[in-house]
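A.B. asks: Pasting the sequence and the predicted model now:
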Amino acid sequence: MTTLSESTAAPVGEVVLEAVGLTKHFPVRRKLRDLFSRTPAAVHAVDDVSFTLRRGKVTALVGESGSGKSTVARLLAQLYPRTAGDILLHGKSTRVRGGRRFRAYVRRVQLIFQDPFASLNPIHTVRYHLTRALKIHGNAGKTSADLEQALAELLARVSLTPPERYIDKFPHELSGGQRQRVAIARALGADPEALLADEPVSMLDVSIRLGILNLLRDLKERLNLAILYITHDIASARYFADETMVMYAGRMVEGGDSETVTQNPAHPYTRLLIDSAPDPDRIAGVTDGATDRGNGEPPSLIRPPSGCRFNPRCPHAMPRCTVDLPPRLEIADRPGHWAACWLYDPQTVAKEGPGSLAGADPAAPIPPAAALHLAEETR
Ligand SMILES: Nc1ncnc2c1ncn2[C@@H]1O[C@H](COP(=O)(O)OP(=O)(O)OP(=O)(O)O)[C@@H](O)[C@H]1O
């Protein structure tokens, strides 16, 4: 008996999960002087985030620490109530808070955490963790032989073979990479359609990161999974993800196919991320926090800058960038490539000029995609 679906009938590219204008504000405790202000203070962790997860595709969500990536994952996993927006599962709005409906949801959408040590209970064996997942989600079969087979299948799926070498081990007896494989096997015990992987390799030794990403890619293909890959490392997104979206200070600033976004970045923030990454071609050499070396600091999310949130750090900022929130603007180079940036609005550029805001640098080299775009507009 096969308890888990090896290849599902759903077509590659079928939309599984959709975030629509997803927003999360965390209220912060008020200080005395705030009592007189009308709007209660809140951390604007995620604002108006929209994207789609599709079967057989990896979508990367990239941004520096504090940009709201984990909050997006937790919202999609229904661990937090959202402030606004919607989450659609196969086109249907979902809002679940615990109970039976939550279990039904997590059977289809599973979350993998950054730290496999913290996510596995140290007092329980691999067998316990996986059996529990299979039983909770009704995939343990009827007999103990069914269960043994399902356990062996799960371990084989994550290349922990032969199963008897791993099944009765405790988490501390495994390496970091093996623990993350067990955490992935546990998620697969639900036989999900979507995996939300929140920095799944950033706690692991550099030498084994590639192995885990390759495993996830193999699962994407064999199980036709929709994968959200959250990372601060844009080089790994190029390597691993079909589509890449970039977040800055709680908002999405750019999206498109990974090759285009990483090779021809349109938003000045994406450019900064790429320029400050140590070596975009050396995925195994990715270092934590490497993207935080950009010029300046991310803004306060309690009182985020008006207009484009990147404007205080942007060398190309124009007066309009401090006032109006840029919409998603299409870039001319590839279908589906967009940036929320006024550099891609010909009228604004013609009227104000890149870098015309006081303190910006009109001579700074503009992203190649903008140069291309502006050349086409003025042709
Ligand atoms: N429960 C919470 N209460 C208040 N603020 C929160 C809460 N969770 C997150 N935040 C704030 O929301 C913002 C986004 O945090 P989040 O963890 O989503 O970012 P991130 O991009 O995942 O960063 P990292 O890579 O460091 O995990 C941060 O300013 C963080 O301090």
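C.D. replies: On my side now, so go ahead. What you see is a predicted model; the values in this text were computed from it and never measured.

A.B. asks: ok, which residues in the protein are in contact with the ligand?
C.D. replies: 26, 43, 45, 63, 65-71, 232, 301 (Cβ under 6 Å from any ligand atom). Using the backbone N, CA and C atoms, a C-beta is placed for each residue, glycine as well.

A.B. asks: redo that, cut-off 5 Å
C.D. replies: F26, V43, A45, S65, G66, S67, G68, K69, S70, T71, L301 (Cβ under 5 Å from any ligand atom).

A.B. asks: Just the buried ones from these, in PyMOL syntax?
C.D. replies: Buried residues within these, by 16 or more other Cβ atoms under 10 Å, are selected in PyMOL with:
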select buried, resi 43+45+66+67+68+69+70+71+301
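
A.B. asks: Could I get the buried residue list for the one helix or strand A118 maps to?
C.D. replies: Per DSSP states H and E: A118 is located in helix 116-119. By neighbour count on 16+ other Cβ under 10 Å, the buried set for helix 116-119 is P116, S119.

A.B. asks: same question, stretch 157-168
C.D. replies: R157, V158, L160, P163, Y166, I167.

A.B. asks: and what of stretch 258-274?
C.D. replies: Buried, per 16+ other Cβ under 10 Å, within stretch 258-274: 258, 260-262, 264-274.

A.B. asks: residue contacts, the closest residue to the ligand within the stretch 201-350 of the chain?
C.D. replies: Nearest to the ligand, among the residues of the stretch 201-350 of the chain, is L301, at 4.7 Å (Cβ to the nearest ligand atom). Taking Cβ atoms under 8 Å, 6 or more residues apart in numbering, we find L301 in contact with V43, H44, A45, G66, A249, G250.

A.B. asks: and of these, the nearest to A370?
C.D. replies: A249 (20.4 Å; Cβ to Cβ).

A.B. asks: how many neighbours does the closest one have?
C.D. replies: Counted with other Cβ atoms under 10 Å, the neighbours of A249 add up to 24.

A.B. asks: What are the neighbouring residues in contact with the residue lying closest to it once chain neighbours are set aside?
C.D. replies: Nearest residue to A249, sequence neighbours excluded (Cβ to Cβ, 6 or more residues apart in numbering): R309, at 4.1 Å. Residues counted as contacts of R309 (Cβ under 8 Å, 6+ apart) are Y248, A249, G250, R251, P299.

A.B. asks: again, but for R74
C.D. replies: Y80, L111.

A.B. asks: Which residue ranges of the stretch 201-350 of the chain form strands?
C.D. replies: Remark: strands assigned in the stretch 201-350 of the chain by DSSP state E, counting those that start in this stretch are 226-231, 243-248, 251-257, 329-330, 338-339.

A.B. asks: ok, P368 - contacts?
C.D. replies: N264, P265.

A.B. asks: what do you get for V323?
C.D. replies: Contacts of V323 by Cβ under 8 Å, 6+ apart are S306, G307.
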